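>>> Build me a model:
(2 chains)
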Amino acid sequence: MFSQASNFVEGVDKAFLIISGISLVFLIGITFAMILFVVKFNKKRNPVAKNVKESRSLEIVWTVIPTLLVLVMFYYGWAGYAPMRDFPDDAIQVKATGRMWSWSFEYENGKISPTLIVPIDKAVTLNLYSPDVLHSLYIPAFRIKEDLVPGINNKMWFEAGILGEYDILCAEYCGERHSYMLSKVEVLTQEEYDAWYYKVDDNTNAAEAGLKILQVNGCVACHSLDGTRLVGPSFKGLWYSTKTVTTGVVSRQVTADEEYIKESIYNPSKDMVDTYPKVMISYKESINEEQLKQINAYLKSIEK
Amino acid sequence: MTENNSTASHISYLEETGGRSGIFKWILSTDHKRIGLLYLYSIATFFIVGAALGVMMRLELMNPGQQFVKPSTYNSLFTLHGVIMIFLFIIPGIPAVFGNFMLPILIGAKDVAFPRVNLLSWYLYVIGAIFALSTLVFGNGPADTGWTFYAPYSVNTETNVSMSVMAAFVLGFSSILTGLNFIVTIHRMRAPGMTWFKMPLFAWSLYATAWIQLLATPVIGITLLMIFAERLLGVGLFDPSLGGDPILYQHMFWIYSHPAVYVMVLPAMGVISEVVSTFSQRKIYGYKAIAYSSLAIAFIGYFVWGHHMFTSGMSGPARIIFSILTFLVAIPSAVKVFNWIATLYGGSINVKAPLLYALGFIFLFMIGGLTGLILGALATDVHLHDTVFVVGHFHYVMFGGTGFAFMAAIHYWFPKMYGINYNMKRATSAFWTIFFGFNVMYFPMMVVGVMGMPRRYFDYLPEFHIPNFISTIGSWILSVGLLMMIGNLIAAFRKRKKAVDNPWNGKTLEWSVNTPPTLLNFDEIPTITKGPYEYHEQ
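This next block holds a predicted model:
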């Protein structure tokens, strides 16, 4: 009856069905009574209103029964929810980073991926991290959601039950590209997962490695690779182009060279290219000098 | 029933100019009825602006992909829509318009306790409104934070959040002063013999509301001031990069903003009690239960704010306690619904536009309330929190509830306020158009929310298309209905068909005074000997 996409679907959907079922009975019953009374006691049929005596026992009944029913609803809400907060000890730990406006997932062996890759039937705990504003990691198919609050270590867990791909959405409004802050959960078999997890990344091609860094750090959410204008300037044609930047109030021309790109990543709000909003945070913590070189190699490869 | 004209002995408040002319007889008048109308015109204006912004949002969401505005424009649209509808329409709405106009008459008083403060609160409203709209012109564009102004985004964004929060701050004072005025008026100015339990239920609901306005609004005032200080001085209250706590902001925001939901809906329930009783020609069923449940809602309503934060990382026990309390606050609301339905039983029901809006209220408010139970339960809230389901839910409560009650009130009291009648047939067809359009617009939001579409989305995945498309069509039907309703009321001023003193055969005091009322409402303050709904002793 319930989807097994995650171990929480049944609890959530059961609560949903029970609450909406009881609600529907009330809605239909009361609406029916309302229409019935309006017809039956219409002025034309009933020119003089009756003085109906109030019944204390009726009032007690219609207070006590709803009270009991809402307590039942509360119970199912709590029963479906309690396991979400009961974290297993042997779960795979993944650091889930959400920042304006992309996701990345870091595994215990240091592997970083822009999508969340998990094995089937295995508990996974997501340790939520946001470097900027509030986000909320939402997987509708799994019925789970938890906010990413900067400065606070929230977490969530699940066990996926069906192979396949599911949407990850950001549910807490986070600015201009909130609705594009998307990713996927990929549920793999244990063998496929292990193969992915233990594969050593081939970093011999610097440009390819550079692209990967731009992806996992979410750079491409705002900087397109094909010249499209998003929130920030496109990466295409950036390498050694001439930019007009404003530092404080002073404008000047600069060439987008290695030094400029390093500054733009480590200290993005210092020199602002005109007409773009001042929204980028520093990536000094997440991108090192070696990775900068790889990014440069990639930028050079899409020079034109 | 007597046909009444403004004879020499009965000069209506509309003809009483106080020696002022033109606009000054309005903006300098301390007559509670003129102030009520000042509010009516300003609030109606902002409602139309807010609704237009809503229609624009629906147009953008009609199809996936960018339709006609940029993402940043869309984000400002829903923020401005929320700020206008919440702070400029629905919070002041019924108390400031119908409370001001009717409360003194309902309790047998000549005016509110502090007429000048009353006018001051309207000026504060206008100043707040100007602040809010000034963000369209000044600064880096209107705020793009959503009406909730969640930190740290609201602290960091370059748009004009500072001005928007100042607007809400000033509007808060307008609300506080109205609340204060009503509390004192109800305590001190009831006519001789009007004991607490002889007061009409609309007065009771205003009383419960006024306490929330007085006690809860200062919290939002200081919270928004803290956002302002954070942006201006970087004091580090809410922004974690400065050592602040974003969850603290959410607590403070909802400590006001949840009780504020009852500021919006309690007066609406008061209106419905009046209308249902009058049009059934029956004493309201369970008068005391309704009066007490207003107070119970106002009281429990203070302690449920945490249900807005079930996914924020709040502690487990807190989530459970807030969930239980949320379910308990549903009980007094349910009791009220049962009382209204029981009032219909055995009545002599006159199905006219005000009653249709009231019955529409009961139906839509039930859907709003019952979907609220789904959101109050922990498991389902985790799934549905911050989805379009929530948007559908609160529009059923706020618009289907309070909005419909506002329309019930205007159709109920219009003849008394202006001394003229509107066309009842057109009012009825406008109601059905609004009711139909409303459901076509908002019900699909619940569906797409259950499917998993988050709210405040400029663009969406293809699987969310059909409900969004239907919802947009609904927004057009709803707009047509609203225009029909407004057009019909405006047309009444051209036709000027004179209204009688008591067109609905109501028993509360406003139906015993002249139509329109005189400046001081009563020739002689009445002495009250009967309850407010004595239909059965002839």
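
>>> Just give me the neighbour total for residue B:327.
Residue B:327: 23 surrounding residues under other C-beta atoms under 10 Å in any protein chain shown. C-beta coordinates here come from the backbone N, C-alpha and C atoms, glycine included.

>>> ok now the helix or strand where it lies, how far from the chain's centre?
Using DSSP states H and E, residue B:327 sits in helix B:316-344. Counting by C-alpha atoms, centre = their mean, to the nearest Å, helix B:316-344 is centred 20 Å from the centre of its parent chain.

>>> can you check stretch B:313-324 too?
29 Å.

>>> Check which residues of that stretch are buried.
B:313-314, B:319-320, B:322-324 (16 or more other C-beta atoms under 10 Å in any protein chain shown).

>>> do the same with stretch B:276-289
Within stretch B:276-289, the residues scored as buried using 16+ other C-beta under 10 Å are B:276-287, B:289.

>>> Check stretch B:56-66 too.
Buried residues in stretch B:56-66, counted by 16+ other C-beta under 10 Å: B:56-58, B:60-62, B:64.

>>> quick check, it touching chain A?
No - Stretch B:56-66 stays clear of chain A (C-beta under 8 Å from any C-beta of the partner chain), getting no nearer than 10.0 Å.

>>> just for the stretch 301-450 of chain B, where's the confidence low?
Scanning the stretch 301-450 of chain B for pLDDT under 70 picks out no residues.

>>> residue boundaries of the helices in it?
Using DSSP state H, counting those that start in this stretch, the helices assigned to the stretch 301-450 of chain B run over residues B:316-344, B:353-376, B:378-384, B:388-397, B:404-418, B:424-451.

>>> roughly how far out does the fifth one sit from the chain middle?
Which is helix B:404-418. 14 Å.

>>> Is chain A within reach of it?
No - using C-beta under 8 Å from any C-beta, helix B:404-418 stays clear of chain A, with a minimum separation of 14.2 Å.

>>> Dihedrals phi and psi, residue 225?
Just so you know, I chose chain A. Dihedral angles of residue A:225 (phi, psi; degrees, to the nearest 10) stand at phi -100, psi 0.

>>> Give me the nearest residue to it, chain neighbours excluded.
residue A:235 (5.5 Å; C-beta to C-beta, 6 or more residues apart in numbering or on different chains).

>>> you'd agree the one you found is in a helix?
No - secondary structure of residue A:235 (DSSP: H, G, I helix; E, B strand; the rest coil): coil, not part of a helix.

>>> Next up, phi/psi of it, please.
phi -80, psi -20.

>>> sec struct for the residue in the stretch 151-300 of chain A that chain B sits nearest to, please.
At 3.0 Å from chain B, residue A:151 is the closest residue in the stretch 151-300 of chain A, using C-beta to the nearest C-beta. Here residue A:151 is recorded as coil under three-state DSSP.

>>> And it, how far from residue A:133?
11 Å (C-beta to C-beta, to the nearest Å).

>>> and if you look at residue B:488?
46 Å.

>>> Show me where the stretch 1-150 of chain B dips below the pLDDT cut-off.
B:1-9.

>>> Strands along that one, start to end?
For the stretch 1-150 of chain B, no strands turn up when DSSP state E, counting those that start in this stretch is the criterion.

>>> Any residues of it in contact with chain A? List them.
So the stretch 1-150 of chain B meets chain A at B:71-72, B:75, B:144-146, B:150 (C-beta under 8 Å from any C-beta).

>>> Tell me which of the buried residues of stretch B:56-66 fall in helices.
Judged by DSSP state H, these include B:56-58, B:60 as members of helices.

>>> From those, pick the one nearest residue A:214.
Set against residue A:214, the nearest of these by C-beta to C-beta is residue B:60 (29.9 Å).

>>> wait, doesn't that closest one sit right on residue B:75?
No - using C-beta atoms under 8 Å, residue B:60 makes no contact with residue B:75, being 10.9 Å away.

>>> shared neighbours of the two, anything?
Counting by C-beta atoms under 8 Å, 6 or more residues apart in numbering or on different chains, the common neighbours of residue B:60 and residue B:75 are residue B:458.

>>> what number of residues lie near the residue in the stretch 51-200 of chain B that chain A sits nearest to?
Closest to chain A within the stretch 51-200 of chain B is residue B:153: 4.2 Å, counting by C-beta to the nearest C-beta. Counted with other C-beta under 10 Å, residues neighbouring residue B:153 total 25.

>>> Just want to know which of residue A:151 and residue A:133 has more residues nearby.
More crowded of residue A:151 and residue A:133, by other C-beta under 10 Å: residue A:133, with 30 against 16.
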